[in-house]
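A.B. asks: here is my input; please provide its structure:
(one chain, ligands or ions: 1)
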Amino acid sequence: MNASLSYAAMPYTKSSNINMLVSKKYMETNVRSEVTIAIPNGRKDCSKLILDVSTNGIPCTEKFVHEIVQRQSKHKINSSSFNVSRKPNFHPMFLQESYERCRDICAEYAKTFYLVWCRRTDELVDGPNAIHITSAALDRWEKRLDDLFNGRPYDMLDAALTDTVHRFPLDIKPFKDMIEGMRMDTRKNRYANFQELYLYCYYVAGTVGLMSVPVMGIAPESSFSAQNVYNAALYLGIGNQLTNILRDVGEDASRGRVYLPQDELSKFGLCDEDVLSRKVTYEWKEFMKEQIARARLYFDKAEEGASQLHKASRWPVWSSLMLYRMILDSIENNDYDNLTKRAYVGRTKKLMTLPVAYTRALRNPSVTV
Ligand SMILES: CC(C)=CCC/C(C)=C/CC/C(C)=C/CC/C(C)=C/COP(=O)(O)OP(=O)(O)O
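C.D. replies: I've put the predicted structure just below:
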């Protein structure tokens with residue numbers, strides 16, 4: 001595996017967990033919906049858009065995200081001539097040290113796949129200083145991102161990413177969108193429907209998938225279009241995030257956040273109070289079954305693309321996909337009590353999954369799942 005991939009941008013798989021789609025039911029939604037969409041590329045304010053979700057039968061936020069993915073997949077992935085002229089001139093020892101530090105941070109903090117920059121971004125709204133985070137601070141973080149993409153890193157950790165973005169065809173868009181997700185998180189603590197939640201999941205996790213593909217690379221023998229591989233990466237991010245939400249529902253509620261579609265809660269006769277009171281009722285269990293089924297659909301979709309990645313990247317991706325999926329099993333095993341219990345995958349199970357993931361990773365890309 002390429003060094004910069006394994007150090008700076010590569011998901012760390014010490015005890016990797018991971019997992020994804022839109023059930024047909026959601027794809028077929030055919031209603032008008034009012035959605036708040038943050039338009040990136042310069043516009044910081046969320047704009048209220050009334051969108052007709054019936055276009056091609058694909059709900060609006062999915063269409064919005066789909067177009068982003070389509071644009072990303074136009075970047076030449078296995079190209080060797082990307083941005084070479086702009087490659088920054090760091091001293092090799094300095095660069096080695098900065099990658100080492102990234103690796104240490106991943107080893108220390110990342111239980112899942114994680115990019116150091118993403119973790120630092122996440123820390124802004126989730127970390128100990130989160131209550132002090134202002135939109136000006138996020139604007140400064142974005143300016144810093146622009147600078148590191150332009151060869152001017154602020155610190156050693158940024159330097160590793162500056163090096164990586166000049167070695168691989170990484171586009172700044174998913175990075176910016178992730179910051180947009182943090183803005184969304186500071187403004188919003190309820191999600192009216194799955195479309196709103198989907199957009200949030202794209203911003204905070206789907207973007208990670210889009211950032212990873214250009215670094216991981218697509219197998220030269222793959223017959224998949226780049227777009228399909230990017231879609232799978234997006235779906236893995238979405239599935240992971242949905243799983244995280246289901247796992248952490250109790251913890252999030254205690255921070256005043258409910259990342260569950262409000263319309264779906266009410267369909268089961270539930271509301272915020274039911275989440276906050278932490279009572280696992282029959283209705284809650286039925287609601288959870290539907291949520292888990294949807295997260296699994298996203299993982300299924302991700303699996304189709306995982307085998308199309310470059311062979312050096314397949315094992316960590318398969319491992320994390322399988323392990324994250326197991327969190328959903330664990331919620332089931334806890335009899336859907338994710339309000340007072342935290343679902344987790346034990347060490348032995350994790351270790352036993354690794355050889356299975358390895359075998360899957362060996363499969364030729366032409367063999368579909
Ligand atoms: C499938 C294909 C084609 C490519 C793979 C593309 C990748 C790497 C996708 C992964 C996307 C990803 C890792 C998103 C982040 C999702 C997420 C919810 C991370 C949560 O991390 P933590 O908050 O640290 O949770 P843990 O406590 O489980 O570690």
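
A.B. asks: against the ligand, how distant is Tyr230?
C.D. replies: 8 Å (CB to the nearest ligand atom, to the nearest Å). For the C-beta atoms, the positions are set from N, CA and C on the backbone; glycine is no exception.

A.B. asks: same question, Gly250
C.D. replies: 14 Å.

A.B. asks: what's the spacing between the residue most central in space within the chain and Asn244?
C.D. replies: For the chain, Ala205 is the residue whose C-alpha lies nearest the centre (CA atoms, centre = their mean; 1.8 Å). Taking CB to CB, to the nearest Å as the criterion, Ala205 is separated from Asn244 by 8 Å.

A.B. asks: got the contact list for whichever strand or helix holds Ala136?
C.D. replies: Under the criterion of DSSP states H and E, Ala136 resides in helix 135-149. Applying CB atoms under 8 Å, 6 or more residues apart in numbering, the external contacts of helix 135-149 come out as 44, 117, 121, 124, 153-154, 158-159, 161-162, 165, 172, 175-176, 179, 182-183, 186.

A.B. asks: element containing the residue in the stretch 251-369 of the chain that the ligand sits nearest to, please.
C.D. replies: Using CB to the nearest ligand atom, the single residue of the stretch 251-369 of the chain nearest to the ligand is Gly305, 3.5 Å away. Here Gly305 sits within helix 282-306, counting by DSSP H and E.

A.B. asks: now for that helix, which elements pack on it?
C.D. replies: helix 226-247, helix 262-267, helix 311-333 (3 or more CB pairs under 8 Å, 6 or more residues apart in numbering; DSSP states H and E).

A.B. asks: how about those in a markdown table, adding mean pLDDT and mean neighbour count?
C.D. replies: What follows is the helices and strands packed on helix 282-306, written out as a markdown table (pLDDT from 0 to 100; neighbours: other CB atoms under 10 Å):
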| stretch | mean pLDDT | mean neighbour count |
| --- | --- | --- |
| helix 226-247 | 97 | 26 |
| helix 262-267 | 98 | 15 |
| helix 311-333 | 96 | 22 |
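
A.B. asks: any low-confidence regions in the stretch 51-200 of the chain?
C.D. replies: Residue ranges of the stretch 51-200 of the chain with pLDDT under 70: 51-58, 76-87, 110-114, 127.

A.B. asks: can you give me the helices for it?
C.D. replies: Along the stretch 51-200 of the chain, counting by DSSP state H, counting those that start in this stretch, helices occupy 60-72, 92-109, 116-126, 135-149, 156-167, 173-187, 194-201.

A.B. asks: taking helix 194-201 as reference, get the angle to the next helix or strand after the shortest one.
C.D. replies: By that I understand helix 194-201. Toward the C-terminus, helix 194-201 is succeeded by helix 207-216 as the next helix or strand (DSSP H and E). Counting by axes from the mean of the first three to the mean of the last three CA atoms, to 10 degrees, helix 207-216 lies at 50 degrees to helix 194-201.
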